[in-house]
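*Asks:* test case, fold it:
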Amino acid sequence: MKVSVNLCFLLLASFFCYSQKLGLGFGTNGINVKTASFNKLRFIGRVSPTFSDDFTVVNCSVEIGRNFIVEEHASLYAGLGAGTPFSEASKIVDEDKWFLTIPIGLEIFPFSNRKISFAAEAGPQFDYENLNRYPGKPSWTISPKGLIEFCYYF
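*Replies:* Here you go, the predicted structure:
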């Protein structure tokens, strides 16, 4: 539970302390809220639900990134993100599972008013699972992560 509270606080603090245009969108990783990419730093929060017949899991993640190239119609960025799954069955965040990601992305603004964007991101995701609650040791796995998003900036 501490991990989720800290992630939520970090996300909210980043949006309010670094005031700029906010965007709301959706993509292959669920719903996203992000700051506009007109400055050096960007903040992204994502909520991605996974539904099945037995249970629902929602991955919540926060990402901070730095724009390396900002042009009129595009920006190239890299960042660092962290997240944790929330399970409907347990009603709490599983503190024994979380992930880190290092994304590299390209955000394209097809119109001159820069209110609509399309983004593509790729990079490794490091998944952590603490198996100490069972016999064994903590486990790290690395998997590729990629996403495509649409966003509207207010």
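
*Asks:* going forward, measure contacts and count neighbours with C-alpha atoms only.
*Replies:* Noted.

*Asks:* name the SS class of the closest residue to Arg42 other than its chain neighbours, please.
*Replies:* Ranked by Cα to Cα, 6 or more residues apart in numbering and with sequence neighbours excluded, the top spatial neighbour of Arg42 is Gly65, at 5.1 Å. Classification of Gly65 using DSSP: H, G, I helix; E, B strand; the rest coil returns strand.

*Asks:* Pro103 versus Gly65, what's the distance?
*Replies:* As judged by Cα to Cα, to the nearest Å, Gly65 and Pro103 stand 8 Å apart.

*Asks:* Lys97 touches Thr84, doesn't it?
*Replies:* Yes: with contact defined as Cα atoms under 8 Å, Lys97 and Thr84 form a contacting pair (6.4 Å).

*Asks:* so the two - more neighbours on which side?
*Replies:* More neighbours surround Thr84 than the other of Lys97 and Thr84, with 24 against 18 (other Cα atoms under 10 Å).

*Asks:* close enough to count as contact, the more buried one and Phe126?
*Replies:* No: using Cα under 8 Å, Thr84 is not in contact with Phe126, being 11.6 Å away.

*Asks:* Gly81 pairs with what?
*Replies:* Gly81 has these beta-bridge partners by DSSP bridges: Glu63, Thr101.

*Asks:* swap that for Tyr152, please
*Replies:* Residues in beta-bridge contact with Tyr152 (DSSP bridges): Leu24, Ile116.

*Asks:* and it, how many neighbours?
*Replies:* The burial count for Tyr152: 17, using other Cα under 10 Å.

*Asks:* quick one: low-confidence parts of the chain?
*Replies:* Applying pLDDT under 70 to the chain flags the ranges 1-20, 52-55, 87-96, 130-138.

*Asks:* could you pull out the helices for it?
*Replies:* Ranges of helices in the chain, per DSSP state H, are 2-17.
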